[in-house]
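Q: Sequence below, structure please.
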Amino acid sequence: MKKEKIEILKEWIAEHKYCYAMLYLAFYLVVFFALDFTMEPRYILHCALDDRIPFCEYFIVFYFAWYPAFFLSLVWYMLRDKEDFQQLWFIMFNGITFCLICYVLFPNGLNLREEVPNRNIFCVLVNLVRGVDAPVNVCPSIHVSSSVSILLVTARSKLFKEHRGRKIAIIVLMVLISISTLFVKQHSVIDVVCGAAVSLALYAIAYHTNWRKLLKGRLAVLL
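A: Down below sits the predicted model:
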């Protein structure tokens, strides 16, 4: 039975070669954490709006929601609709790549964090995130850029034609994930605006140019 399942999976991958785009995630994780542990910020980001946004540990729930939403949205679109998946990886992965390049060229960081006592489980989760994610390489925000990517593709997807409620729920969740980065002081307003701008720019390219024609012959396996 196990061998049969493996064979079925191999056959599915052979018929849906565009799923190889998911291998980019390995590259992203390696580069992100390599930069996270080696880069020293030269530019500390801050704006007046950052001081007006109060810390609220309860938003850590939405901040954590990004992790399953990021991966599951890719898998769901990959299995359900080739075109939507291609649009999503084009916006999301190119956005991540642009963010990583910015971190190398303009090493940046934050100085917004204040000590948070472990008064409840939400504060514990905040400190857990802070323990593994240093306040460096924050602008543009990958958290926001990828969330806006999911929001934009979902808003355009035909898969939700008869499921308007689900579409709205996903869009609201992506908005909450994006603003959660501000309330748990993981990002500045500058990071959020820049992260959203990256995805909006790539959205315009994805839906208003024939980018597939440009990639044919180079990355044909993904198309």
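
Q: secondary structure element for the residue nearest to the spatial centre of the chain?
A: Nearest to the centroid of the C-alpha atoms of the chain, with distances taken as CA atoms, centre = their mean, sits Ser146, at 2.6 Å. Element membership of Ser146, judged by DSSP states H and E, is helix 142-156.

Q: Just give me how far that helix sits from the chain centre.
A: Distance, stretch centre to chain centre, for helix 142-156: 7 Å (CA atoms, centre = their mean, to the nearest Å).

Q: Report all helices and strands that that helix contacts.
A: Where contact means 3 or more CB pairs under 8 Å, 6 or more residues apart in numbering; DSSP states H and E, helix 142-156 is packed against helix 60-80, helix 82-105, helix 164-183, helix 189-208. Any C-beta I mention is one placed from the backbone N, CA and C, and that applies to glycine too.

Q: Where does the prediction get shaky in this protein?
A: With pLDDT under 70 as the threshold, the chain has low-confidence stretches at 1-3, 5, 7-9, 217-223.

Q: 80 - rerun?
A: 1-16, 213-223 (pLDDT under 80).

Q: Can you tell me which of the helices and strands packed on helix 142-156 is nearest to Ile44?
A: For these, the distance to Ile44 is smallest for helix 189-208, at 10.8 Å, taking CB to CB.

Q: name the helices or strands packed onto that closest one?
A: In terms of contacts (3+ CB pairs under 8 Å, 6+ apart), helix 189-208 is packed against helix 82-105, helix 142-156, helix 164-183.

Q: mind listing what the residue nearest to the centre of the chain touches?
A: By CB atoms under 8 Å, 6 or more residues apart in numbering, the contact list for Ser146 reads 66, 70, 92, 95-96, 199.

Q: 6 Å - rerun?
A: With contacts defined as CB atoms under 6 Å, 6 or more residues apart in numbering, Ser146 is in contact with 70, 92.

Q: Kindly provide the distance from Leu25 to Val75.
A: Here the criterion is CB to CB, to the nearest Å. By it, Leu25 lies 11 Å from Val75.

Q: Please identify which of these two sits among more neighbours.
A: Relative neighbour count places Leu25 above the other of Leu25 and Val75, with 15 against 12, counting by other CB atoms under 10 Å.

Q: what's the helix or strand for that one?
A: Taking DSSP H and E as the criterion, Leu25 maps to helix 24-38.
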